[in-house]
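Structure here, sequence nowhere to be found:
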């Protein structure tokens, strides 16, 4: 059974011969009741404060759980983003290497074509020089046949001079 301050105030003792001084007992009971009432009020206030603090603690614990979940989610997203960025970088690098191979292959093909063109031009040059030489020799023979000897020598000197210049420039 719980004792309340009212129980203490209402408590009456039987009187006995040579008992305690009634006023003194009642004053003490009143004092005990007042002190007990203060203790009960303080106990109630502390219980309410405890409930309030427990409620705040639960709120903070819930926030902490939410923050932890958020941090885990953020970390997972960060790792996913890193993995995606790495994969994208690898794809870009592979694409760049492929493009570089295409460029190098194209340049090699152009080089081969230029070399072939140079060889063809050299062949054409040799053929042209041979044709010019044939024409010059044919004209020289015509001149020898129709030109007088002194003029013929002069023409031969000129033709020889031009043939040597042509030969010198060809080399």
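Structure received. Since the structure is predicted, the reported quantities are computational estimates derived from the model, not experimental observations.

for this structure, what helix or strand is lowest in average pLDDT?
Evaluated with mean pLDDT, DSSP states H and E, the helix-and-strand set of the chain has its lowest mean pLDDT in helix 149-170, which scores a mean of 72.

what about the lengthiest helix in the chain, average pLDDT?
Scanning the chain for the helix with the most residues, using DSSP state H, yields helix 22-146. Mean pLDDT, helix 22-146: 93.

Just list what it packs against, helices and strands only.
helix 5-10, helix 149-170 (3 or more CB pairs under 8 Å, 6 or more residues apart in numbering; DSSP states H and E). (Each C-beta comes from the backbone N, C-alpha and C, glycine too.)

tell me the mean pLDDT over the shortest one?
Going back to what we said before, that points to helix 5-10. Mean predicted confidence for helix 5-10 is 78.

For that helix, buried residues please.
For helix 5-10, a neighbour-count test (16 or more other CB atoms under 10 Å) marks 5, 8 as buried.

How about stretch 131-150?
For stretch 131-150, by 16+ other CB under 10 Å, it's 140, 143.

Can you give me the separation between residue 48 and residue 54?
Using CB to CB, to the nearest Å, residue 48 is found at 11 Å from residue 54.

now swap in residue 104 and tell me
Noted for residue 104: a distance of 74 Å to residue 54, by CB to CB.

Dihedrals phi and psi, residue 13?
Main-chain dihedrals, residue 13, degrees, to the nearest 10: phi -100, psi 150.

Now for it: which residues touch it?
Listed by CB atoms under 8 Å, 6 or more residues apart in numbering, the contact set of residue 13 reads 19-20, 25.

And the pLDDT for it?
pLDDT, residue 13: 73.

and the gap between it and residue 7?
On the measure of CB to CB, residue 13 and residue 7 end up 13 Å apart.

Does residue 19 belong to a helix, a strand or coil?
Recorded secondary structure, residue 19: coil (DSSP: H, G, I helix; E, B strand; the rest coil).
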